[in-house]
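Participant: coordinates for the following, if possible.
(2 chains)
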Amino acid sequence: METTGATKWKIFDFVITEEHQILPIDIKLPKDVKVCKGVILSVKEYMRINYTDNTQLGELSLQFNARKLHPLHLNLHYQKDLTNKKQALKLDCKIEDNQSITGFYMDYGLVPKLMPYTVKLYLECYATDAIHS
Amino acid sequence: MSEIKYQILKIKVNRENENIKFALDTDKKYKRLTGIFASLPEDENNQALFATTMELRVADIEIFPEGFEIKMLSCGQQVTPNDRFFDQIEQEARGNQITGRYIDGGNANRYPYVAKIYLKLEEKV
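Facilitator: Numbering: from 1, shown residues only, chains lettered A, B, ... in the order given. Coordinates of the predicted model:
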């Protein structure tokens, strides 16, 4: 069987509605995803509050392949300044068949008046597709 | 003769949260699409970038899925021109059609505005 591969982005949104909320993550990736090459964390909303840039909002922990790999425990910063180029943080984790990505996102309780916000998790994946058999 | 071309796609956004479908044929004289850069009006704090998303397909192959934020494809003037492009892309150009959906995030300081999407094409046939 001949296969081809390509980069595919997978995006997952987590809505935070309460201070100090801990949100469990359990992501099932499609079968054709073989490698998680990198990750980007982003806050969707424009927050009309007087934040200094790079305010820490919370932290994300990700585990791969039935918790055999724990490559990431990362702070999420709210970035008002979008003038820098965005790039994925490299991971290069091989994804075993039928395994989930698990973990959690924990809010630090620093957003005033419980302003809900959306954490966007971008996974830069390498996926293969069977083309001949 | 230039081996690189920067093809432009202009998307006019008339109102908050507008949902716009677009389509464009890549220049058939170039073989490869190797980069994308999004330029939006530089209003206060680049607010137009927040929550704005762009789904993109080339020859019906998904490049950016639904919910992909336009801010991932943008940066400021302090970044040198050759480094501004999102370069994790390698697709055949040669007239292949680019299709997509631009959804405004409702945060721009003024409407209408024009979003400019630059496509970096390489290898002139």
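Participant: helices or strands next to whatever helix or strand A:His70 lives in in the packing?
Facilitator: A:His70 is part of strand A:69-78 when elements are defined by DSSP states H and E. Packing partners of strand A:69-78 (3 or more CB pairs under 8 Å, 6 or more residues apart in numbering or on different chains; DSSP states H and E): strand A:33-43, strand A:55-64, strand A:89-94. Where you see a C-beta, it was placed from the backbone N, CA and C, and this is true even at glycine.
Participant: now do that strand and strand A:89-94, the angle between them.
Facilitator: 150 degrees (axes from the mean of the first three to the mean of the last three CA atoms, to 10 degrees).
Participant: so what are the sheet partners of strand A:69-78 and their directions?
Facilitator: strand A:55-64 (antiparallel) (DSSP bridges).
Participant: buried ones in the partner strand?
Facilitator: Buried residues in strand A:55-64, counting neighbours by 16 or more other CB atoms under 10 Å in any protein chain shown, are found at A:55, A:57-58, A:60, A:62-64.
Participant: any weak-confidence spans in the chain?
Facilitator: Defaulting to chain A. Within chain A, the stretches with pLDDT under 70 are A:1-4, A:48-54, A:113-114, A:130-133.
Participant: think we crossed wires, I meant chain B
Facilitator: B:1-2, B:44.
Participant: which SS class is A:Pro30?
Facilitator: coil (DSSP: H, G, I helix; E, B strand; the rest coil).
Participant: contacting residues for it?
Facilitator: A:Ala127 (CB atoms under 8 Å, 6 or more residues apart in numbering or on different chains).
Participant: any idea how far it lies from chain B?
Facilitator: 12 Å (CB to the nearest CB, to the nearest Å).
Participant: and A:Lys44, by the same measure?
Facilitator: From A:Lys44 to chain B the distance is 5 Å (CB to the nearest CB).
Participant: which one is that residue nearest to, not counting chain neighbours?
Facilitator: Nearest non-adjacent residue to A:Lys44, counting by CB to CB, 6 or more residues apart in numbering or on different chains: A:Thr118, 4.0 Å away.
Participant: which element is that neighbour on?
Facilitator: strand A:117-132.
Participant: quick check: A:Ala66 touching A:Asn98?
Facilitator: No. Counting by CB atoms under 8 Å, A:Ala66 stays clear of A:Asn98, with 9.7 Å between them.
Participant: tell me the contacts of the nearest residue to B:Asn19 once chain neighbours are set aside?
Facilitator: Excluding its sequence neighbours, the residue lying closest to B:Asn19 (CB to CB, 6+ apart) is B:Ile103, at 5.0 Å. By CB under 8 Å, 6+ apart, B:Ile103 lies in contact with B:17-20, B:52-54.
Participant: phi, psi for the residue of chain B found nearest chain A please.
Facilitator: Ranked by CB to the nearest CB, the top residue of chain B for proximity to chain A is B:Gly76, at 2.8 Å. Backbone torsions of B:Gly76, given as degrees, to the nearest 10, read phi -90, psi 180.
Participant: look at it and say how many residues are nearby.
Facilitator: B:Gly76 has 13 neighbouring residues, counting by other CB atoms under 10 Å in any protein chain shown.
Participant: ok, back up a step: which one of the helices and strands packed on strand A:69-78 lies closest to B:Ala108?
Facilitator: Smallest distance to B:Ala108 across these (CB to CB): 17.7 Å, for strand A:33-43.
Participant: neighbouring strands - and their directions - for the closest one?
Facilitator: According to DSSP bridges, strand A:33-43 forms sheet pairs with strand A:89-94 (antiparallel), strand A:117-132 (antiparallel).
Participant: which SS state does whichever residue of chain A sits closest to chain B fall under?
Facilitator: Chain A approaches chain B most closely through A:Thr83 (2.8 Å), counting by CB to the nearest CB. Under three-state DSSP, A:Thr83 falls in the coil class.
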